[in-house]
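Participant: What follows is a protein structure lacking sequence information:
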């Protein structure tokens, strides 16, 4: 599987990895805003999460119902081995490029 990732997909995948066991739509939105200083809609996040899951970079499972959600369950996302590998490769590729810029190395 050699799917490329767009910038937003990469950012959302990284956030899923950061959040770990509590990565669901709203928590991703909250962390995105906190760490980038930009706003994003819940529908945009759900769209990206869906694409990442179709590409095999994340998987999801339904979490338990919670009282604060009115008894509704939430879909929890986790990075797959393919997702971790993709992020590691992207990091390595970017570091190689950064080192090629003389005034920054």
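Facilitator: It's in. Owing to the predicted nature of the structure, the values given are computational and were not obtained by experimental measurement. Numbers count the residues shown, from 1 in each chain.

Participant: could you pull out the strands for this structure?
Facilitator: 58-62, 75-79 (DSSP state E).

Participant: Reformat those strands as JSON lines; add distance to residue 27, mean neighbour count and mean pLDDT.
Facilitator: (Each C-beta comes from the backbone N, C-alpha and C, glycine too.) Formatted as JSON lines, the entries for those read as follows, by distance: least, C-beta to C-beta, whole Å; neighbours: other C-beta atoms under 10 Å; pLDDT from 0 to 100:
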{"stretch": "strand 58-62", "distance to residue 27": "13", "mean neighbour count": "15", "mean pLDDT": "95"}
{"stretch": "strand 75-79", "distance to residue 27": "9", "mean neighbour count": "20", "mean pLDDT": "96"}
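
Participant: who wins for proximity to residue 17 among these?
Facilitator: Across the strands of the chain, residue 17 has its closest neighbour in strand 75-79 (4.9 Å, C-beta to C-beta).

Participant: which outside residues touch that closest one?
Facilitator: Where contact means C-beta atoms under 8 Å, 6 or more residues apart in numbering, the residues beyond strand 75-79 that reach it are 13, 16-17, 20-25, 28, 49, 52-53, 57-63, 87.

Participant: Now do residue 21: how many residues are near it, please.
Facilitator: 9 (other C-beta atoms under 10 Å).

Participant: for it, what are its contacts?
Facilitator: Here residue 21 is in contact with 76, 78 (criterion: C-beta under 8 Å, 6+ apart).

Participant: could you dump the strands of the chain to a markdown table with distance to residue 103?
Facilitator: Listed next are these as a markdown table, based on distance: least, C-beta to C-beta, whole Å:
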| stretch | distance to residue 103 |
| --- | --- |
| strand 58-62 | 37 |
| strand 75-79 | 34 |
